[in-house]
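> here is a sequence together with a model predicted from it:
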Amino acid sequence: MAHARLDEVLLEAAAAASPRALLLIVIPFSLVLLPLLLRKITASTKGAAAAAASDAKLLSLIPSPASKLPIIGHLHLMGDLPYVAMAGLATKYGPDIMLIRLGAVPTVVVSSPRTAEAVLRTHDHVFASRPRSMVSDVIMYGATDSCFAPYGEHFRKARKLVTVHLLNAMKVRSQRPAREEEIRNVMGKVGEAAAAREAVDMSEILHSYVNDLVCRAVSGKFSQEEGRNKLFRELTDINAGLLGGFNVGDFFPSLGKLELFRKWASAKAMRVRKRWDLLLDKIIEDHATKMAKLEDVVEGEQEDKDFIYVLLSLQQEYGLTRDHMKAILIDMFEAGTDTSYMTLEFAMAELIQKPHLMKKLQEEVRKNVPVGQEMVTEDHLPNMTYLKAVIKETLRLHPPVPLMIPHFSLDACDVDGYTIPPNTRVVVNAWALGRHSGYWENANEFQPERFVKGDGANTVDLKANEFHFLAFGSGRRMCPGVHSASVTIESMLANLMYRFDWKLPAGMKEEDIDMTEVFGITVSRKEKLLLVPETA
Ligand code: HEM
């Protein structure tokens, strides 16, 4: 019994979200496995050793914090919020570019708009790959999705599939009725709470809204049957915990070469993948059966088909296996759910602390909707400039993917006077860029006006033309979901502002709102956001 419990603890730590928890496992592990690792190192070929030495020399020229420890490198400096820790270290050691060692893995951290532009625009082709990770290899079927695929033929195919067929403007437009229906459901629930003068758990309601929308986009109108939406949400949450963790195997790759360790460290990822297999195989087969009966579907009607139909119809053209399809579908859940609902939640948390800004937003929304109309529709959104400014400001201060997804160099490349060798992990700190005091006035303040004032800052857009605002990344690996995310977030926030006034629960003051963040592949708020709606 005691043995089983220890196993659980170790497995949790192996996929630990916090670098602190990772240390708990790395230190004892290193003591046991160090002799084995040394044997592996001495066994490597002379040529490889010479190349490694030359790469290590190049990396050693990049500024780096002095307090590196044996084996764990700088892991002990990462704290609970690595993007905040990295920003602090960068100010001291390398404001533009810095090297940190996460366990055995040297990681280049880019923290200024100038170096971000060098990595994501000037040398985008060199840095467009992703490092391999044991967990994403398991969860994403050998990293054959779009997010984690290394750069190459398969990635280009997956990326084209996602941008051209799943997330294009026409597809996003065709999902409008689904969005309107889901928003109406939310308004109904919030309306009931308003009538009962009860608080609403905004975290829960916004999470369900986005999860249900992604479910519908992926598997159609009946995705909520048999509680499938809840199962999708549960599995997406487990994946997020695993993918966002500081996983031992990622930072001690030599360990990953040991079969026993690999089995042990990927056990939880294997378990969740089996559950995805069961769920997705069944839905894909149901779709394939229905599709076979509808051979005469008119080409144009494919537009409002869900993602599974789209993938099935493109299977031959793109040479997709069943596993490729599942990897891409899981990407849509993983990349599309937490990012959007957390932006909505952070926006509400900021607005409730600044009632004058919320009032200004409500006035704009209500002015733009004809009197007597039940809901804000997507036709009303283009004129709502303050709404867009509030969302940009939320993304600036709280980018949901603060370190983006790690990039990986394919070749040697000069950035800011330093040579980054091939096969180096490169992290762009979007959180640090959004709070860069050289580019933003009152960088830590929530001031949406900065995006409407006409002082130059309003030219910042979500398409990443400015490298001090990179919530969606830039270049070949830029988020392909910008359009989908924007309309999902804008329409919900506009409706929450249109239909209700918002108060804090009795006895709570604005300064009681806890904005503490929790790090994972996306950043979330630690505390639930409870707000009391009043029908406007
Ligand atoms: C507020 C919402 C969102 C934010 C802030 C966001 C942000 C990001 C960021 C920072 C990246 C990594 C860029 C890089 O590594 O250079 C990314 C990648 C990605 N996002 Fe989003 N995202 C959002 C919503 C969505 C949605 C709704 C979808 C799809 C349903 C989506 C799909 C993807 C995919 C597939 C990738 C991987 C792209 C690649 O590696 O080629 N995202 N996103």
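Alright, I've got the coordinates.
> going forward, measure contacts and count neighbours with C-alpha atoms only.
Will do.
> please state the offset of the biggest helix by length in the chain from the chain centre?
Scanning the chain for the helix with the most residues, using DSSP state H, yields helix 267-293. Relative to its chain's centre, helix 267-293 lies at 23 Å (Cα atoms, centre = their mean, to the nearest Å).
> can I get the helix or strand following it in PDB, CA atoms only?
Next along the chain after helix 267-293, taking DSSP states H and E as the criterion, comes helix 307-318. These are the backbone C-alpha positions of helix 307-318, laid out as PDB (Å, rounded to 0.1, in the frame of the first residue of the first chain):
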ATOM      1  CA  PHE A 307     -13.600  19.300 -37.600                       C
ATOM      2  CA  ILE A 308     -14.000  15.500 -37.600                       C
ATOM      3  CA  TYR A 309     -15.900  15.600 -40.900                       C
ATOM      4  CA  VAL A 310     -13.400  18.000 -42.300                       C
ATOM      5  CA  LEU A 311     -10.400  15.800 -41.300                       C
ATOM      6  CA  LEU A 312     -12.200  12.700 -42.600                       C
ATOM      7  CA  SER A 313     -12.900  14.300 -46.000                       C
ATOM      8  CA  LEU A 314      -9.200  15.400 -46.300                       C
ATOM      9  CA  GLN A 315      -7.700  12.200 -45.000                       C
ATOM     10  CA  GLN A 316      -6.500  11.000 -48.400                       C
ATOM     11  CA  GLU A 317      -5.400  14.400 -49.700                       C
ATOM     12  CA  TYR A 318      -3.200  15.000 -46.700                       C
END
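> for helix 307-318, give me every contacting residue.
Contacting residues not belonging to helix 307-318 are listed as 157, 165-166, 217-219, 284, 287-288, 291, 302, 320-321, 325, 329 [Cα atoms under 8 Å, 6 or more residues apart in numbering].
> while we're on the residue in the stretch 151-300 of the chain positioned nearest to the ligand, how confident is the model there?
For the stretch 151-300 of the chain, the residue closest to the ligand is residue 159, as judged by Cα to the nearest ligand atom, at 5.9 Å. According to the prediction, residue 159 has pLDDT 98.
> confirm that it sits in a helix.
Yes. According to DSSP: H, G, I helix; E, B strand; the rest coil, the state of residue 159 is that of a helix.
> relative to helix 307-318, how tilted is the longest helix of the chain?
90 degrees (axes from the mean of the first three to the mean of the last three Cα atoms, to 10 degrees).
> now do helix 267-293: which elements does it pack against?
Using 3 or more Cα pairs under 8 Å, 6 or more residues apart in numbering; DSSP states H and E as the contact test, the elements touching helix 267-293 are helix 134-139, helix 228-244, helix 307-318.
> in a markdown table, list those along with mean neighbour count and distance to the ligand.
Converted to a markdown table, those look like this (neighbours: other Cα atoms under 10 Å; distance: least, Cα to the nearest ligand atom, whole Å):
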| stretch | mean neighbour count | distance to the ligand |
| --- | --- | --- |
| helix 134-139 | 22 | 13 |
| helix 228-244 | 19 | 13 |
| helix 307-318 | 17 | 11 |
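> quick check: residues of this protein near the ligand?
Where proximity means Cα under 6 Å from any ligand atom, the interface of the chain facing the ligand comprises 146-147, 159, 331-332, 335-336, 339-340, 343, 399-401, 404-405, 471-474, 477-482, 484-485.
> quick one: residue 85 and residue 76 touch, right?
No. Under the criterion of Cα atoms under 8 Å, residue 85 lies out of contact with residue 76, with a separation of 10.4 Å.
> could you list the low-pLDDT ranges of the chain?
Scanning the chain for pLDDT under 70 picks out 1-44, 295-304, 453-465.
> still on that earlier bit, in the longest helix of the chain, what's buried?
Under the neighbour-count criterion of 16 or more other Cα atoms under 10 Å, helix 267-293 has 267-269, 272-273, 276, 280, 284, 287-288 buried.
> with stretch 385-405 instead?
Across stretch 385-405, burial judged by 16+ other Cα under 10 Å covers 386-405.
> and what of stretch 511-524?
So stretch 511-524, judged by 16+ other Cα under 10 Å, has buried residues 513, 515, 518-524.
> next, residue 101: phi, psi?
Its backbone dihedrals place residue 101 at phi -110, psi 110, with angles given as degrees, to the nearest 10.
> let me know the closest of the buried residues of stretch 511-524 to the ligand.
The nearest member of those to the ligand, counting by Cα to the nearest ligand atom, is residue 522 at 8.9 Å.
> contacting residues for the closest one?
The neighbourhood of residue 522, defined by Cα under 8 Å, 6+ apart, consists of 240, 244, 338-339, 400-402.
> for residue 108, give the beta-bridge partners.
Residues found in beta-bridge contact with residue 108 (criterion: DSSP bridges) are residue 99, residue 426.
> distance of it relative to the ligand?
Between residue 108 and the ligand the distance, using Cα to the nearest ligand atom, to the nearest Å, works out to 14 Å.
> is that residue in contact with residue 99, as I believe?
Yes. A contact is recorded between residue 108 and residue 99 when judged using Cα under 8 Å, the distance being 4.6 Å.
> that's a strand at residue 531, yeah?
Yes. Assignment of residue 531 by three-state DSSP places it within a strand.
> ok, now how distant is it from residue 506?
Spatial separation of residue 531 from residue 506 under the definition Cα to Cα, to the nearest Å is 10 Å.
> also residue 283?
Relative to residue 506, residue 283 is positioned 45 Å away (criterion: Cα to Cα).
> next one: residue 74
Distance, residue 74 to residue 506, using Cα to Cα: 45 Å.
> these two - which one has more neighbours?
Legend: neighbour count by other Cα atoms under 10 Å for residue 74 and residue 506, higher for residue 74 (21 against 9).
> wait, what's in contact with residue 493?
The neighbourhood of residue 493, defined by Cα under 8 Å, 6+ apart, consists of 344, 387.
> returning to what we had before: in helices only, show me the residues of the chain next to the ligand.
For these, the ones inside helices are 159, 331-332, 335-336, 339-340, 343, 482, 484-485, with DSSP H as the criterion.
> and these as CSV, adding neighbour count?
Rendered in CSV, the data for those read as follows (neighbours: other Cα atoms under 10 Å):
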residue, neighbour count
159, 19
331, 20
332, 23
335, 19
336, 20
339, 21
340, 23
343, 23
482, 17
484, 19
485, 20
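> cool, thanks, talk later.
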